[in-house]
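# sequence plus the predicted model coming up.
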Amino acid sequence: MEIDLSRLHRGVESFIDISGEYELDSSFYENTEIHSLKPLKVSGKIERRENDDFELEDYCICTIEGKMILSDSISLEEVEYPFTIEYDDFLPQNTIKNENILDILGFLWENTVLEVPLQFTKVRDLSKFHGDGWRLISEDELRKENNPFNDLLKDFEEE
């Protein structure tokens, strides 16, 4: 989806409202940790502002809210991960086509992909994750128990 910025660039409009719901095609996230992505809710606008070189550039102020479905880092079940992005900056040049067209989906994807956590879990009770000779423990349990690596952990925490 593209947004025409020509009225903004000619001074006909003082801003362009980009509020609405946007759905990213699954091709955006097919090779990522994201299983699915609910439609993104955007509220905000694009206006022209002077940059550090006193040139007018496209500036975006918006809030992007969404929910992505990821694999839980512990249980491997699909879990919903809500996120909110507050964007208040000049638009990246790679999202503007032909100087008057904003690739809004590309812009939204660039910001959404930054929100994917390295690890995410909703598991609170680790006691059911065990097997023959092993069990999953929390970071707190790791530090409390008679761990031969505690001295090494202390060295890392001091740095």
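That came through fine.
# ok, the residue sitting nearest the centre point of the chain - contacts?
Centroid-nearest residue in the chain: residue 115, 2.1 Å away (criterion: C-alpha atoms, centre = their mean). By C-beta atoms under 8 Å, 6 or more residues apart in numbering, residue 115 lies in contact with 68, 83, 85. C-beta: built from backbone N, CA, C; applies to glycine.
# a markdown table for these, including secondary structure, pLDDT and distance to residue 31?
Shown next, in a markdown table, are the contacts of residue 115 (DSSP: H, G, I helix; E, B strand; the rest coil; pLDDT from 0 to 100; distance: C-beta to C-beta, whole Å):
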| residue | secondary structure | pLDDT | distance to residue 31 |
| --- | --- | --- | --- |
| 68 | strand | 91 | 15 |
| 83 | strand | 94 | 20 |
| 85 | strand | 93 | 21 |
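# give the buried residues for stretch 65-76.
Within stretch 65-76, the residues that qualify as buried are 66, 68, 70, counting by 16 or more other C-beta atoms under 10 Å.
# likewise stretch 15-32?
16, 18, 22, 24, 28-29.
# can you name the two of those residues that are farthest apart?
16 and 29 (26.5 Å; C-beta to C-beta).
# low-confidence stretches in this protein?
Counting by pLDDT under 70, the ranges of the chain that qualify are 94, 97, 120, 122-131, 133-151, 153-154, 157-159.
# alpha carbons only: can I get stretch 49-67 in PDB?
What follows is stretch 49-67, C-alpha atoms only, in PDB (Å, rounded to 0.1, in the frame of the first residue of the first chain):
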ATOM      1  CA  ARG A  49      10.100  19.400   9.100                       C
ATOM      2  CA  GLU A  50      13.600  20.900   8.700                       C
ATOM      3  CA  ASN A  51      16.400  18.500   9.200                       C
ATOM      4  CA  ASP A  52      19.800  19.400  10.600                       C
ATOM      5  CA  ASP A  53      20.800  20.800   7.100                       C
ATOM      6  CA  PHE A  54      17.700  23.100   7.100                       C
ATOM      7  CA  GLU A  55      16.100  21.100   4.300                       C
ATOM      8  CA  LEU A  56      12.500  20.000   4.500                       C
ATOM      9  CA  GLU A  57      12.000  16.300   5.000                       C
ATOM     10  CA  ASP A  58       9.100  14.000   5.700                       C
ATOM     11  CA  TYR A  59       8.700  13.500   9.500                       C
ATOM     12  CA  CYS A  60       6.400  10.900  11.100                       C
ATOM     13  CA  ILE A  61       4.800  10.900  14.500                       C
ATOM     14  CA  CYS A  62       2.800   7.800  15.100                       C
ATOM     15  CA  THR A  63       1.900   4.900  17.400                       C
ATOM     16  CA  ILE A  64       1.900   1.400  16.000                       C
ATOM     17  CA  GLU A  65       0.100  -1.300  18.000                       C
ATOM     18  CA  GLY A  66       0.000  -4.900  17.100                       C
ATOM     19  CA  LYS A  67       0.100  -8.500  18.200                       C
END
